[in-house]
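Undergrad: Just the structure for this:
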Amino acid sequence: MSKQSTLTPWSIAARVLAALIGGYALAYGFAAFFSVYLPLARPDRVAFAGMLSFAVWTAAAIYAFAARRALHAWLWLASLTVAMCLAAYLPTDLGVRP
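TA: Residues are numbered from 1 along each chain as shown. Just a heads-up that it's a prediction; the model follows:
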């Protein structure tokens, strides 16, 4: 038997905020990461990473509503954002910053 999960207004609000704020942060981290590590010229890296970040934001918004719980969506989005931003901003031997 499957349980019917009822979404409360707080759960829906948490998912909407996860999709908007968490998705934006993840898209920013993705763009920062790939603007450092793509093997292209700098203007091409930045433009390509910026355009792909819209697809990441869309995927994050879809995941925010597909996750079993809103807390899972927040945790995944936050952990991926932190990982991407740290990987983009920590290396100094490359001599570039996003």
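
Undergrad: How about the contacts made by the most centrally placed residue in the chain?
TA: With distances taken as C-alpha atoms, centre = their mean, residue 26 lies nearest the centre of the chain, 2.0 Å away. Residue 26 sits next to 56-57, 60, 77, 80-81, 84 when contact means C-beta atoms under 8 Å, 6 or more residues apart in numbering. Every C-beta, even on glycine, is put in place using the N, C-alpha and C of the backbone.

Undergrad: now it: how far from residue 54?
TA: Distance of residue 26 to residue 54, given as C-beta to C-beta, to the nearest Å: 12 Å.

Undergrad: Equivalent analysis for residue 29, please.
TA: Applying C-beta to C-beta to residue 29 and residue 54 gives a distance of 14 Å.

Undergrad: More neighbours: these two, which one.
TA: Neighbours per residue (other C-beta atoms under 10 Å) separate residue 29 from residue 54, with residue 29 holding more: 24 against 12.

Undergrad: Thought residue 78 was touching the more buried one, still the case?
TA: No - in this structure residue 29 lies outside contact range of residue 78 using C-beta atoms under 8 Å: 10.2 Å.

Undergrad: where does this structure dip in pLDDT?
TA: Scanning the chain for pLDDT under 70 picks out the ranges 1-5, 92-98.

Undergrad: Now do the helices in it.
TA: 9-17, 23-37, 42-66, 70-89 (DSSP state H).

Undergrad: Tell me which of these sits most buried.
TA: Highest mean neighbour count among the helices of the chain (mean count of other C-beta atoms under 10 Å): helix 23-37, with a mean of 21.
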